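Trainee: please find the sequence and the predicted model below.
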Protein chains: 2
Amino acid sequence: MKIPTLLFTVVVLGSILIAQNSKQGKDESAIRNADAGWSHALEAKDLDRATSFYGNGASVYPFNAPLTTGRDNIRQLWSHLFESPGFHLQFAPTKIEVAKGGDMAYDTGTFELKTNGSDGTPTTTPGKYVVVWKKQNGQWKAVADIFNTDK
Amino acid sequence: MKIPTLLFTVVVLGSILIAQNSKQGKDESAIRNADAGWSHALEAKDLDRATSFYGNGASVYPFNAPLTTGRDNIRQLWSHLFESPGFHLQFAPTKIEVAKGGDMAYDTGTFELKTNGSDGTPTTTPGKYVVVWKKQNGQWKAVADIFNTDK
C-alpha cells in the first residue's frame, strides 16, 4: 500500500472511531429522554403516547400474564392495566448501554406500581425491568419490555 | 480522490459488510449453543456450569425476589433455587438478535419450571425470559437475565 493510501485509511478509520463514541453518548441521551417521556406517559395513563415508544414487532412480557406481541395487543394490554383501580406507574433507568454500531441498546432500572388491593387498600409494588431498544428508521424504539416484582 | 484509492475504499467497505453478515450468523449460533448448554446445566443443577454463562457485572432479575448482581450473589441465588423441592428448569430461545457490531445481542424465549408445592404436589410454571448478551474477551456472556411467569 502506498503511503498516501495508508494515511487516508488511518484518517477514515480514526474519524469513524471518534464519531462512534460521540454517537454512543447521543444515543444514550436519546434513550434516557425517551424513558423520561415514557414514564410520564404511563403516569398520565396516556395510551397513545405510552405505546408510541414500542417499535415494529415489539413484545411486552408482563408478570403473571402471557407474552404480548404487536402494536394492537400491546395497546390492549396497557389499556387493561390503566383500568386497574388506583393504577399509578413510574419507572427510571439505572443503566443504559448502547452497542457500538448504534443499532441496539439495553436499558435497565426500577419501577414502582401502585394499585388498590381487592379490599380497596392502596398497595405499592416495587420492581425491576429490562428494555431492549433497536434503532428503527433513525429512531430508538423498544422491542422487548420485560419486568417483574421484587417481593 | 484518485480512482485506485476509491476502488481500494470500496473493496475494504464491501469486505467489511460481507464479513459482518457472516459474523452475525456465527454470533447467533454461538449464543444458541450457549443457551443449549446453559439449559442442560440448569436441568442438571450444575452450579459451576450454570453460572459460567454470566459475564462481568451481570445481573439476574428473578421474579418475586430482588435484583441479584455479581458472580457470588448469582451463585448463591441459583444454589438456593436448586434446593427447592422438585426443582427442574429448562428453557429454549425463540429469537436471537445480534447487533451489527457483534458486541451485544438479545435472546428471548420460554422456560418451564417444575417445583413441588407446599403440600408436595409437583407444579409446572411456564414463563418467558429475555437475556442480554455482551461479547467479553471474545466470548458471549449474559449480562442481564430476566424472567417472569405467564400465569
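Mentor: Cool, got the structure.
Trainee: every contact and neighbour count from this point should use C-alpha atoms.
Mentor: OK.
Trainee: can you map out the helices along chain A?
Mentor: Assigned by DSSP state H, the helices in chain A fall at A:3-43, A:47-51, A:71-82.
Trainee: lowest average confidence across those, which one?
Mentor: With a mean of 87, helix A:3-43 has the lowest mean pLDDT of the helices of chain A.
Trainee: please compute how far that helix lies from its chain's middle.
Mentor: Computed by Cα atoms, centre = their mean, to the nearest Å, the separation of helix A:3-43 from the middle of its chain amounts to 18 Å.
Trainee: that one close to chain B?
Mentor: Yes. Contact of helix A:3-43 with chain B (Cα under 8 Å from any Cα of the partner chain) involves A:5, A:9.
Trainee: name the helices or strands packed onto that helix?
Mentor: When contacts are defined as 3 or more Cα pairs under 8 Å, 6 or more residues apart in numbering or on different chains; DSSP states H and E, helix A:3-43 sits against helix A:47-51, strand A:88-98.
Trainee: between helix A:71-82 and that helix, find me the angle.
Mentor: Inter-element angle recorded for helix A:3-43 and helix A:71-82: 40 degrees (by axes from the mean of the first three to the mean of the last three Cα atoms, to 10 degrees).
Trainee: now helix A:3-43 and strand A:88-98, what's the angle there?
Mentor: Interaxial angle of helix A:3-43 relative to strand A:88-98 (the same axes, to 10 degrees): 170 degrees.
Trainee: near A:Leu81, how many other residues are there?
Mentor: 15 (other Cα atoms under 10 Å in any protein chain shown).
Trainee: around chain B, which positions in chain A sit nearby?
Mentor: By Cα under 8 Å from any Cα, the residues of chain A that approach chain B are A:5, A:9, A:61-67, A:99-101, A:103-106, A:127-130, A:132, A:144, A:146-151.
Trainee: mean neighbour count, the helices and strands packed on helix A:3-43: which tops it?
Mentor: strand A:88-98 (a mean of 18; mean count of other Cα atoms under 10 Å in any protein chain shown).
Trainee: that one pairs with which strands?
Mentor: Its sheet considered, strand A:88-98 pairs with strand A:104-116 (antiparallel) by DSSP bridges.
Trainee: for the strand it pairs with, buried residues please.
Mentor: A:104-111, A:113-115 (16 or more other Cα atoms under 10 Å in any protein chain shown).
Trainee: re the thing from before, looking at the helices and strands packed on helix A:3-43, which is closest to B:Ser22?
Mentor: Smallest distance to B:Ser22 across these (Cα to Cα): 22.0 Å, for strand A:88-98.
Trainee: what is the mean pLDDT for the closest one?
Mentor: Mean pLDDT, computed over strand A:88-98, is 97.
Trainee: contact partners of it?
Mentor: With Cα atoms under 8 Å, 6 or more residues apart in numbering or on different chains as the contact definition, strand A:88-98 has outside contacts at A:24, A:27-28, A:31-32, A:35-36, A:39-40, A:42-43, A:104-115.
Trainee: same question, stretch A:127-136
Mentor: With Cα under 8 Å, 6+ apart, stretch A:127-136 has contacts from A:55, A:102-113, A:140-150, B:61, B:66-67, B:106, B:144, B:146.
Trainee: do that again at 7 Å, thanks
Mentor: With Cα atoms under 7 Å, 6 or more residues apart in numbering or on different chains as the test, stretch A:127-136 has contacts from A:103-112, A:140-150.
Trainee: how about A:Glu112, nearest residue that isn't a chain neighbour?
Mentor: With Cα to Cα, 6 or more residues apart in numbering or on different chains as the criterion, A:Glu112 has its nearest non-adjacent residue at 4.6 Å, and that residue is A:Pro126.
Trainee: list the contacts of the one you found.
Mentor: A:Pro126 makes contacts with A:111-113, A:149-150, as judged by Cα under 7 Å, 6+ apart.
Trainee: great, nothing more from me.
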